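A.B. asks: Below: sequence and its predicted model.
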Amino acid sequence: MPELPEVERGRRLAASVAEKRIIVQVHCAEDPIVFEGVAPATVQRLLTHKKVIVVHRRGKQLWFELDQPPHPLFHFGMTGAFHTPAAESLRLKSGPKEPGGEWPPRFAKIHLCFDDGGELIMTNARRLGRILLRQAPLHEPPLNKLGFDPLLDLPSPETFSTMLRSRTAVVKSLLLDQCFAAGVGNWIADEVLYQAGIAPQRRARALSDAEAKRLRGKLQSVIRAAVDANADDARYPTHWLFHRRWGKRKDATTARGDAIEYMTIGGRTTAWVPAVQG
DNA sequence: CTCAGTGTTCAGTG
DNA sequence: TCACTGAACACTGA
(Lines give C-alpha, C1' and ligand atoms only; values in the text may rest on other atoms or scores of the structure.)
Protein backbone atom coordinates (compact mmCIF):
# COMPACT_ATOMS: atom_id res chain seq x y z
CA MET A 1 0.00 0.00 0.00
CA PRO A 2 2.23 2.70 1.08
CA GLU A 3 4.11 4.61 -1.52
CA LEU A 4 3.82 8.36 -1.73
CA PRO A 5 0.16 8.50 -2.91
CA GLU A 6 -1.11 6.19 -0.18
CA VAL A 7 0.83 8.08 2.45
CA GLU A 8 -0.55 11.37 1.14
CA ARG A 9 -4.04 9.91 1.45
CA GLY A 10 -3.17 9.08 5.05
CA ARG A 11 -1.96 12.62 5.61
CA ARG A 12 -5.20 14.09 4.33
CA LEU A 13 -7.29 11.79 6.48
CA ALA A 14 -5.21 12.57 9.56
CA ALA A 15 -5.31 16.30 8.83
CA SER A 16 -9.10 16.24 8.57
CA VAL A 17 -9.56 14.81 12.05
CA ALA A 18 -6.48 16.02 13.92
CA GLU A 19 -5.47 19.51 12.84
CA LYS A 20 -6.40 22.23 15.34
CA ARG A 21 -7.67 19.61 17.80
CA ILE A 22 -6.34 18.62 21.18
CA ILE A 23 -5.44 15.02 21.84
CA VAL A 24 -7.44 14.03 24.90
CA GLN A 25 -6.73 10.33 25.02
CA VAL A 26 -4.06 8.00 23.63
CA HIS A 27 -3.97 4.25 23.61
CA CYS A 28 -0.98 2.31 22.34
CA ALA A 29 -0.61 -1.39 21.60
CA GLU A 30 2.09 -3.24 23.51
CA ASP A 31 4.42 -3.47 20.51
CA PRO A 32 8.14 -2.88 21.08
CA ILE A 33 8.85 -3.28 17.36
CA VAL A 34 6.54 -0.64 15.96
CA PHE A 35 7.31 1.72 18.86
CA GLU A 36 11.00 0.85 18.60
CA GLY A 37 11.85 0.81 22.25
CA VAL A 38 9.66 3.70 23.42
CA ALA A 39 7.29 2.46 26.12
CA PRO A 40 3.61 2.86 25.25
CA ALA A 41 3.07 4.65 28.56
CA THR A 42 5.69 7.23 27.55
CA VAL A 43 4.05 7.85 24.19
CA GLN A 44 0.68 8.23 25.90
CA ARG A 45 2.03 10.68 28.45
CA LEU A 46 3.91 12.79 25.89
CA LEU A 47 1.01 13.12 23.44
CA THR A 48 -1.93 13.60 25.76
CA HIS A 49 -3.23 17.20 26.06
CA LYS A 50 -1.11 18.36 23.11
CA LYS A 51 -2.62 20.28 20.22
CA VAL A 52 -2.02 19.16 16.63
CA ILE A 53 -1.02 22.17 14.54
CA VAL A 54 -0.34 20.58 11.13
CA VAL A 55 0.03 17.08 9.69
CA HIS A 56 3.08 16.96 7.42
CA ARG A 57 4.32 14.47 4.87
CA ARG A 58 7.63 14.08 3.11
CA GLY A 59 8.25 11.02 0.98
CA LYS A 60 6.71 8.11 2.85
CA GLN A 61 7.13 9.77 6.25
CA LEU A 62 4.27 11.46 8.10
CA TRP A 63 4.47 13.56 11.22
CA PHE A 64 2.29 15.69 13.44
CA GLU A 65 3.56 19.13 14.35
CA LEU A 66 2.30 19.63 17.91
CA ASP A 67 2.20 22.78 20.01
CA GLN A 68 5.07 21.28 21.99
CA PRO A 69 7.72 18.64 21.21
CA PRO A 70 8.29 15.77 20.90
CA HIS A 71 6.38 15.33 17.66
CA PRO A 72 5.10 11.90 16.62
CA LEU A 73 6.40 10.52 13.31
CA PHE A 74 4.71 7.67 11.46
CA HIS A 75 6.03 5.29 8.82
CA PHE A 76 3.60 2.74 7.37
CA GLY A 77 6.09 0.08 6.28
CA MET A 78 4.41 -2.34 3.85
CA THR A 79 1.03 -2.57 5.54
CA GLY A 80 0.30 0.54 7.57
CA ALA A 81 -2.70 2.85 7.25
CA PHE A 82 -4.70 5.47 9.12
CA HIS A 83 -8.36 4.86 9.89
CA THR A 84 -11.22 6.96 11.27
CA PRO A 85 -14.63 5.73 12.39
CA ALA A 86 -16.33 7.80 9.66
CA ALA A 87 -14.14 6.39 6.91
CA GLU A 88 -14.81 2.87 8.17
CA SER A 89 -18.57 3.28 8.32
CA LEU A 90 -18.70 4.94 4.91
CA ARG A 91 -16.62 2.03 3.61
CA LEU A 92 -14.23 4.45 2.01
CA LYS A 93 -11.30 2.63 0.57
CA SER A 94 -8.76 2.08 3.28
CA GLY A 95 -6.68 -0.51 1.51
CA PRO A 96 -7.40 -3.68 -0.44
CA LYS A 97 -6.91 -6.10 2.41
CA GLU A 98 -7.69 -3.89 5.34
CA PRO A 99 -10.37 -5.05 7.70
CA GLY A 100 -13.62 -3.30 6.88
CA GLY A 101 -16.14 -2.03 9.36
CA GLU A 102 -14.73 -3.05 12.73
CA TRP A 103 -13.81 -0.39 15.26
CA PRO A 104 -11.19 -0.45 16.50
CA PRO A 105 -9.74 -2.25 13.47
CA ARG A 106 -7.46 -5.28 13.82
CA PHE A 107 -3.76 -4.50 14.18
CA ALA A 108 -4.40 -1.08 15.73
CA LYS A 109 -1.08 0.27 17.06
CA ILE A 110 -2.04 3.73 18.24
CA HIS A 111 -5.49 5.14 18.91
CA LEU A 112 -5.89 8.92 19.31
CA CYS A 113 -9.05 10.62 20.59
CA PHE A 114 -9.57 14.35 20.06
CA ASP A 115 -11.42 17.03 21.99
CA ASP A 116 -14.18 17.28 19.36
CA GLY A 117 -14.92 13.55 19.55
CA GLY A 118 -12.89 12.59 16.45
CA GLU A 119 -10.67 9.53 16.48
CA LEU A 120 -7.70 8.27 14.49
CA ILE A 121 -6.05 4.86 14.48
CA MET A 122 -2.89 3.66 12.78
CA THR A 123 -2.89 -0.04 11.93
CA ASN A 124 0.16 -2.07 10.99
CA ALA A 125 -0.40 -5.78 10.38
CA ARG A 126 3.12 -6.84 9.43
CA ARG A 127 4.87 -4.60 11.91
CA LEU A 128 7.40 -3.19 9.47
CA GLY A 129 6.05 0.28 10.20
CA ARG A 130 7.32 2.61 12.93
CA ILE A 131 5.96 5.21 15.32
CA LEU A 132 8.74 7.46 16.62
CA LEU A 133 9.02 10.65 18.67
CA ARG A 134 11.24 13.50 17.48
CA GLN A 135 12.23 16.84 19.02
CA ALA A 136 12.94 18.50 15.65
CA PRO A 137 11.70 16.07 12.98
CA LEU A 138 13.21 17.85 9.97
CA HIS A 139 16.66 17.91 11.53
CA GLU A 140 16.80 14.29 12.63
CA PRO A 141 16.71 10.93 10.88
CA PRO A 142 14.87 9.75 8.94
CA LEU A 143 13.64 13.10 7.58
CA ASN A 144 16.98 14.86 7.33
CA LYS A 145 18.33 12.14 5.07
CA LEU A 146 15.53 12.18 2.50
CA GLY A 147 16.04 13.34 -1.06
CA PHE A 148 13.59 15.49 -3.01
CA ASP A 149 9.87 14.75 -2.77
CA PRO A 150 8.49 14.65 -6.34
CA LEU A 151 5.31 16.39 -5.22
CA LEU A 152 6.89 19.09 -3.02
CA ASP A 153 10.42 19.56 -4.29
CA LEU A 154 10.92 18.33 -7.84
CA PRO A 155 14.24 19.66 -9.16
CA SER A 156 14.44 21.55 -12.45
CA PRO A 157 15.17 19.46 -15.56
CA GLU A 158 18.73 20.78 -15.58
CA THR A 159 19.36 19.93 -11.93
CA PHE A 160 17.74 16.54 -12.38
CA SER A 161 20.04 15.74 -15.31
CA THR A 162 23.05 16.73 -13.27
CA MET A 163 21.91 14.56 -10.38
CA LEU A 164 21.59 11.55 -12.69
CA ARG A 165 24.97 12.15 -14.26
CA SER A 166 26.68 12.01 -10.89
CA ARG A 167 25.32 8.55 -10.09
CA THR A 168 26.67 5.27 -11.36
CA ALA A 169 23.82 3.16 -9.98
CA VAL A 170 21.24 1.37 -12.09
CA VAL A 171 18.36 3.81 -12.67
CA LYS A 172 15.66 1.68 -11.03
CA SER A 173 17.76 1.26 -7.86
CA LEU A 174 18.39 4.97 -7.80
CA LEU A 175 14.66 5.75 -7.99
CA LEU A 176 14.06 3.46 -5.00
CA ASP A 177 16.77 5.19 -2.97
CA GLN A 178 14.89 7.45 -0.54
CA CYS A 179 17.96 9.67 -0.24
CA PHE A 180 17.58 10.42 -3.94
CA ALA A 181 13.80 10.63 -4.46
CA ALA A 182 11.63 10.37 -1.36
CA GLY A 183 8.36 8.51 -1.75
CA VAL A 184 9.09 6.40 -4.82
CA GLY A 185 8.46 2.70 -4.24
CA ASN A 186 8.57 -0.42 -6.35
CA TRP A 187 5.52 0.01 -8.54
CA ILE A 188 5.98 3.74 -9.09
CA ALA A 189 9.58 3.20 -10.17
CA ASP A 190 8.46 0.59 -12.72
CA GLU A 191 5.53 2.71 -13.92
CA VAL A 192 7.64 5.82 -14.41
CA LEU A 193 10.37 3.94 -16.30
CA TYR A 194 7.77 2.24 -18.49
CA GLN A 195 6.03 5.48 -19.37
CA ALA A 196 9.36 7.21 -19.99
CA GLY A 197 10.49 4.35 -22.25
CA ILE A 198 13.67 3.69 -20.28
CA ALA A 199 14.96 0.20 -19.44
CA PRO A 200 15.25 -0.26 -15.65
CA GLN A 201 18.75 -1.75 -15.78
CA ARG A 202 20.31 1.26 -17.51
CA ARG A 203 22.95 3.17 -15.57
CA ALA A 204 21.68 6.54 -14.35
CA ARG A 205 24.70 8.37 -15.75
CA ALA A 206 24.18 6.79 -19.18
CA LEU A 207 20.82 8.50 -19.73
CA SER A 208 20.67 11.28 -22.32
CA ASP A 209 19.32 14.71 -21.43
CA ALA A 210 16.15 13.89 -23.37
CA GLU A 211 15.70 10.69 -21.35
CA ALA A 212 16.37 12.49 -18.09
CA LYS A 213 13.76 15.05 -19.02
CA ARG A 214 11.18 12.36 -19.79
CA LEU A 215 11.98 10.54 -16.57
CA ARG A 216 11.51 13.68 -14.50
CA GLY A 217 8.26 14.50 -16.28
CA LYS A 218 6.81 11.03 -15.67
CA LEU A 219 7.96 11.05 -12.06
CA GLN A 220 5.84 14.14 -11.64
CA SER A 221 2.82 13.13 -13.73
CA VAL A 222 2.45 9.56 -12.42
CA ILE A 223 2.65 10.64 -8.79
CA ARG A 224 0.43 13.65 -9.41
CA ALA A 225 -2.23 11.47 -11.06
CA ALA A 226 -2.10 8.84 -8.29
CA VAL A 227 -2.41 11.52 -5.61
CA ASP A 228 -5.28 13.19 -7.48
CA ALA A 229 -7.02 9.80 -7.54
CA ASN A 230 -6.49 9.70 -3.75
CA ALA A 231 -4.44 6.52 -4.26
CA ASP A 232 -7.54 4.65 -5.39
CA ASP A 233 -5.94 2.37 -7.97
CA ALA A 234 -9.26 1.64 -9.69
CA ARG A 235 -9.12 5.26 -10.84
CA TYR A 236 -5.62 5.08 -12.33
CA PRO A 237 -5.57 5.44 -16.14
CA THR A 238 -6.23 2.13 -17.87
CA HIS A 239 -3.06 2.29 -19.97
CA TRP A 240 -0.84 2.18 -16.86
CA LEU A 241 1.44 -0.81 -16.39
CA PHE A 242 0.16 -0.87 -12.81
CA HIS A 243 -3.01 -2.76 -13.75
CA ARG A 244 -1.10 -5.50 -15.55
CA ARG A 245 2.08 -6.04 -13.62
CA TRP A 246 0.91 -8.10 -10.65
CA GLY A 247 1.09 -11.85 -10.33
CA LYS A 248 4.13 -12.38 -12.57
CA ARG A 249 2.04 -14.23 -15.13
CA LYS A 250 4.15 -15.66 -17.91
CA ASP A 251 1.89 -14.28 -20.65
CA ALA A 252 1.23 -10.88 -19.08
CA THR A 253 0.87 -8.03 -21.57
CA THR A 254 0.19 -4.31 -21.48
CA ALA A 255 -3.15 -2.91 -22.61
CA ARG A 256 -1.53 -2.47 -26.05
CA GLY A 257 -0.50 -6.12 -26.15
CA ASP A 258 3.25 -5.80 -25.54
CA ALA A 259 4.83 -8.55 -23.43
CA ILE A 260 5.67 -7.75 -19.79
CA GLU A 261 8.90 -9.28 -18.51
CA TYR A 262 10.13 -9.68 -14.95
CA MET A 263 13.55 -9.48 -13.40
CA THR A 264 15.10 -8.69 -10.05
CA ILE A 265 16.84 -5.37 -9.49
CA GLY A 266 17.99 -4.26 -6.08
CA GLY A 267 16.29 -7.30 -4.61
CA ARG A 268 12.89 -6.20 -5.90
CA THR A 269 10.65 -7.68 -8.56
CA THR A 270 10.86 -5.41 -11.58
CA ALA A 271 8.19 -5.47 -14.30
CA TRP A 272 9.15 -3.95 -17.63
CA VAL A 273 8.20 -3.98 -21.31
CA PRO A 274 11.18 -4.54 -23.61
CA ALA A 275 9.18 -3.50 -26.69
CA VAL A 276 8.73 -0.02 -25.20
CA GLN A 277 11.79 0.30 -22.98
CA GLY A 278 14.34 -1.05 -25.43
C1' DC B 1 3.58 -26.11 3.19
C1' DT B 2 6.01 -22.68 0.62
C1' DC B 3 6.85 -18.37 -1.01
C1' DA B 4 6.34 -13.63 -2.57
C1' DG B 5 5.59 -9.04 -1.04
C1' DT B 6 3.29 -1.40 -2.44
C1' DG B 7 9.58 -1.12 2.71
C1' DT B 8 13.98 -0.28 5.12
C1' DT B 9 18.41 -1.37 7.17
C1' DC B 10 22.63 -3.52 7.82
C1' DA B 11 26.60 -6.65 7.25
C1' DG B 12 29.56 -8.47 3.91
C1' DT B 13 31.80 -8.26 -0.61
C1' DG B 14 33.96 -6.53 -4.72
C1' DT C 1 33.86 5.42 -1.36
C1' DC C 2 30.55 3.42 -4.01
C1' DA C 3 27.44 -0.09 -5.36
C1' DC C 4 25.47 -4.42 -5.11
C1' DT C 5 23.70 -8.79 -2.74
C1' DG C 6 21.43 -11.20 0.60
C1' DA C 7 19.46 -11.56 4.93
C1' DA C 8 16.64 -9.89 8.41
C1' DC C 9 12.51 -7.92 10.22
C1' DA C 10 7.01 -9.97 10.77
C1' DC C 11 2.99 -11.50 8.94
C1' DT C 12 -0.69 -12.45 5.51
C1' DG C 13 -2.59 -14.65 1.75
C1' DA C 14 -2.23 -17.05 -2.67
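C.D. replies: Right, received. Where do you want to start?
A.B. asks: Residue numbers of the stretch 151-278 of chain A in contact with DNA strand B?
C.D. replies: By the rule CB under 7 Å from any atom of the strand, the part of the stretch 151-278 of chain A lying against DNA strand B is A:176, A:178, A:185-187, A:248, A:267-269. Where you see a C-beta, it was placed from the backbone N, CA and C, and this is true even at glycine.
A.B. asks: Excluding chain neighbours, what is closest to residue A:123?
C.D. replies: Closest residue to residue A:123 apart from its sequence neighbours, by CB to CB, 6 or more residues apart in numbering: residue A:107 at 4.4 Å.
A.B. asks: Look up how far residue A:177 lies from the one you found.
C.D. replies: Computed as CB to CB, to the nearest Å, the residue A:107 to residue A:177 distance reads 29 Å.
A.B. asks: re earlier: residues in contact with the residue nearest to residue A:123?
C.D. replies: Listed by CB atoms under 8 Å, 6 or more residues apart in numbering, the contact partners of residue A:107 are A:79, A:99, A:123-125.
A.B. asks: Closest to DNA strand C out of the residues you listed?
C.D. replies: Checking those against DNA strand C with CB to the nearest atom of the strand, the nearest one is residue A:125 at 4.6 Å.
A.B. asks: how about that closest one, what does it touch?
C.D. replies: Residue A:125 touches A:79, A:106-107, counting by CB under 8 Å, 6+ apart.
A.B. asks: which residues of chain A score low on pLDDT?
C.D. replies: A:1, A:89-101 (pLDDT under 70).
A.B. asks: what about the helices in it?
C.D. replies: A:4-18, A:40-47, A:85-89, A:157-165, A:171-176, A:186-196, A:209-228, A:274-277 (DSSP state H).
A.B. asks: Of those, which is nearest residue A:65?
C.D. replies: helix A:4-18 (10.5 Å; CB to CB).
A.B. asks: is DNA strand B contacted by that closest one?
C.D. replies: Yes. Helix A:4-18 reaches DNA strand B (CB under 7 Å from any atom of the strand) through residue A:6.
A.B. asks: next one: that helix to chain centre, how far?
C.D. replies: Here helix A:4-18 is found 11 Å from its chain centre; the criterion is CA atoms, centre = their mean, to the nearest Å.
A.B. asks: For that helix, name the packing helices and strands.
C.D. replies: strand A:52-58, strand A:61-66, strand A:80-83, strand A:108-114, strand A:119-124, helix A:209-228 (3 or more CB pairs under 8 Å, 6 or more residues apart in numbering; DSSP states H and E).
A.B. asks: ok, residues contacting stretch A:197-205?
C.D. replies: A:164-172, A:174, A:189-190, A:193, A:207, A:211, A:214-215, A:263, A:265, A:270, A:272, A:274, A:276-278.
A.B. asks: about what we covered before: just put the contacts of residue A:125 in TSV and tack on distance to DNA strand C.
C.D. replies: Converted to TSV, these look like this (distance: CB to the nearest atom of the strand, whole Å):
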residue	distance to DNA strand C
A:79	8
A:106	8
A:107	7
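A.B. asks: Among those residues, which ones lie close to DNA strand B?
C.D. replies: Those of the contacts of residue A:125 which are also neighbours of DNA strand B - as judged by CB under 7 Å from any atom of the strand - do not exist.
A.B. asks: Report how far apart the opening and closing residues of stretch A:69-83 are.
C.D. replies: In stretch A:69-83, first residue to last residue: 24 Å (CA to CA, to the nearest Å).
A.B. asks: biggest separation within the contacts of residue A:107, which pair?
C.D. replies: A:99 and A:124 (12.5 Å).
A.B. asks: Of all the residues in stretch A:186-200, which ones are buried?
C.D. replies: A:186-196, A:198-200 (16 or more other CB atoms under 10 Å).
A.B. asks: Brilliant, that's me finished.
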